[in-house]
Each structure stands twice: as C-alpha cells, then as structure tokens.
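Trainee: coordinates for the following, if possible.
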Amino acid sequence: MSGFEIKSVRGTSDRTMIYGIRSPGTPARAASPELPVRKIATATRANFFEDLSGPEGHKSFPIPHLTAYSGLSSIYHEKAELDILSKDAENLVELLYPRSKLLIEFIGGRPSITSYLLAGIEKLGVPVKYYAVSYSSIEILKAFSTLEPWRYKNIQLIGLYGSYEDACDWLAENEYGVPKTILWLSHSISSIDRIDVAVFLRRLTAHLLQPGDLVMLGTERRGTAQDPVLSCGKGSEWNKKRLMDNLLRSYGLYFESARETFSTDAWDLQDEYDPNIGARRCYIVAKKDIRLNNDIFVKAGEKVLMEQSWKYDDGDIKEMLQYTGLDSFHEFTDSVGEYALRLLMLPPGKTPKQFGAMKAYFDQKQG
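Mentor: Prediction:
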C-alpha cells in the first residue's frame, strides 16, 4: 500500500468560513474589529496583497500560502510536539486504535506528530487511511515527503486538495460512518481565531463525526504581557534570522522582486502579545521606503502583519466544548506546560448550541 494519491475536492462545498482557506472568489472577513486583516483565498500575484487603511495603519501578507515555501510553522511547535511524543507516543496510539480507522489532518506545517502516530499504527498491522487536507497542493506534497509513504504497508495516504469545508463535505459523503480521528494541531489551528475554530468544530460534529469519534487539538497556553509564551524567533538570534530569511525569500518569490527588496537590510522583525485576547501578532517592519511593484508601496516604519497566533486557557477550552458538543477525553502537555495535545470525543446524545448564541457571548466577552 506504499505511495499516495491527491484528490481535488475544490468546489464540493458552497459554504465558506475561515481564514485563508476558503473557496476561491468569496469575500474575506476581518479577523477582528481592531485588526482589519485581509486573508486572501487564492495565491495569485494579482491579488496577493491588499493595502489596508485601518486604524493600526499596517498592511498584511497572508502567511498560509507562504509556509509551503518557507516551512515557518515548524519553528514554533515542533519542539513541544516532540517533547510530548518522547513521553507519550505509545499512549497516544493506544488511545486512538482500534477506536479509529481514519486519520484526517488539517495540515499547516511539517507533520512531526503524525509521523510518530503513523509509525505506531503501522506496527499494529491494521489497515488505516490517512487524509491530509490543505488548500495548497504544495503543502500536501511536502507533508507526504516528510511522512515517507513508501515505509507503510498498512496505511493509505490520501491528500484532499481544497478548503476545509470542501473536505468536510467530501468526507461526509465518502467516509461517513467510518470511525475516525481529526488531527488539528497548533501550527494550523493557532492562526484561526477562537470563534471560527469553534464554528468549524461544530460543523464537524453536525456533518461528519459520529459518537465515539475523536478530535485531537494542539493548543498553546495563554500567556501574559510579561510572559508572552511563543514569540517570534523565540530561542535564539539564529531562530530569528532563520525566520526572517525564510519569510523574505518567500515574499520575493511571489512578487518576483529584486533580491534587495526583500533583504534583512530592508526589514526588521517585531512581535507583540495582547493578553486581553490571548493572541500574538508578528510583523515585519520596513526600515526604508520600499516599492514592491507598480501598485504596492510600503513606507519606512510601516508594519506588515505576517502572522497572528491565538492561545488557549482552560476557560477558552471549556467554552469551546460547551458550544461544539464535544467532551474532553484526555490531555497531554509538554514538560514546560506551554503546549497541549487535547483529545476530544463526540459523546452520544449531545447537541451543540447555536452559533448565534456563541457569537453574542464572545462579542460581549471580547468587546
């Protein structure tokens, strides 16, 4: 059963929702009233950048389409995931199987956890399907090259190329009723605000999951202004330089710009943590006036939002569970308590509350 296949499921769903992973041609919404960030659906050079005139006066690059080139997601979470796996890989596999016959992952970086899980499942000798979902076919190919599909005799690797909603509808039609586990790890989930995460989980419980199915969420702990948890380039100046080099090289590829346009001589890295909403924002800041092309001009000192990362505390998780109908099943944390893998289960007889009530609650809490 070695090898893999990639299926296009684009256009399966006529409903759209979250982040930069929506169907082409649909309008994007602001990430929050205070941060009018445009997330662009398709990665063409014509629509890759939008000049915003919001109160914070910054522009925005949509980072999801860059990770296929730069591998930035793995900088933040891979160490924490490996820390958990070094202690609990066997326990994770035992909890998942024989309970599940499908693994469905919404990918957003190098699948370090997945490779350990698949290796453990392969040893059991049971037939399993692994679906990798992404709007980027390049990201699916990168994930499969990391997983090395030729190593598996019992696991079938399938890429679903399309939006999260497209994949959800396709799986509901083709794999409904098969016991399954959803993997949604921090390198993918953290860039989506908590309301949208809850909305999509509710969609899964309503259309795809059945009682007994599992969801594995990877979440970062909320910090404080003094303890922001995972900040840009955390750990060393080498990490910061690596982050900058990868980002700027990626931007240069998309804009087909001269090397000096996207060099560390032209940009700085800056990040901030807002403890009130539990999110970190990471920017690159122009050191001088820079013209990217005929239409795009960035002034010296102007910030370009490259990423925002949402964190979770116990209260956030409790509220999410309340409105999605899921129950907490098990939790694994890294040795320093900054990162958690949470196993959630859809129990029999639970019905999630309506999104309208949830949105009103969150608006009141955050407003």
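Trainee: which secondary structure state does residue 181 sit in?
Mentor: State at residue 181, reduced to three classes by DSSP: H, G, I helix; E, B strand; the rest coil: strand.
Trainee: mind checking pLDDT for it?
Mentor: Looking at residue 181, its pLDDT stands at 95.
Trainee: residues near it, how many?
Mentor: Burial of residue 181 is recorded as 23 neighbouring residues (other Cβ atoms under 10 Å). C-betas here are computed from N, CA, C, even on glycine.
Trainee: what about it, distance to residue 270?
Mentor: 38 Å (Cβ to Cβ, to the nearest Å).
Trainee: over to residue 138?
Mentor: Noted for residue 138: a distance of 28 Å to residue 270, by Cβ to Cβ.
Trainee: and what of residue 117?
Mentor: Applying Cβ to Cβ to residue 117 and residue 270 gives a distance of 36 Å.
Trainee: who has more neighbours out of these two?
Mentor: Neighbours were counted for residue 117 and for residue 270 using other Cβ under 10 Å; residue 117 has more, 24 against 14.
Trainee: which ones are touching the more buried one?
Mentor: For residue 117, the contacting residues are 89, 92-93, 96, 103, by Cβ atoms under 8 Å, 6 or more residues apart in numbering.
Trainee: what comes up buried for the host helix or strand of it?
Mentor: Using DSSP states H and E, residue 117 sits within helix 112-124. Using 16 or more other Cβ atoms under 10 Å as the test for burial, helix 112-124 gives 112-122.
Trainee: one more: stretch 142-155?
Mentor: Residues of stretch 142-155 classed as buried: 142-144, 147, 149, 152, 155 (neighbour count, 16+ other Cβ under 10 Å).
Trainee: next one: stretch 126-140
Mentor: By neighbour count with 16+ other Cβ under 10 Å, stretch 126-140 contains the buried residues 128-136, 139-140.
Trainee: give the helix, strand or coil label for the nearest residue to residue 91 once chain neighbours are set aside.
Mentor: Spatially, and ignoring its direct neighbours in sequence, residue 91 is nearest to residue 332 (7.7 Å; Cβ to Cβ, 6 or more residues apart in numbering). Following three-state DSSP, residue 332 is assigned to strand.
Trainee: residue 332: neighbouring residues, count only.
Mentor: Applying other Cβ under 10 Å, we find 21 residues neighbouring residue 332.
Trainee: strands of this protein, start to end?
Mentor: Taking DSSP state E as the criterion, the chain contains strands spanning 4-8, 59-60, 102-106, 128-134, 155-161, 180-184, 214-220, 267-274, 279-286, 290-291, 297-298, 303-310, 327-333, 339-345.
Trainee: can I assume residue 122 is in contact with residue 150?
Mentor: No: counting by Cβ atoms under 8 Å, residue 122 does not reach residue 150; the two are 11.8 Å apart.
Trainee: returning to what we had before: what angle sits between the helix holding residue 117 and strand 102-106?
Mentor: 170 degrees (axes from the mean of the first three to the mean of the last three Cα atoms, to 10 degrees).
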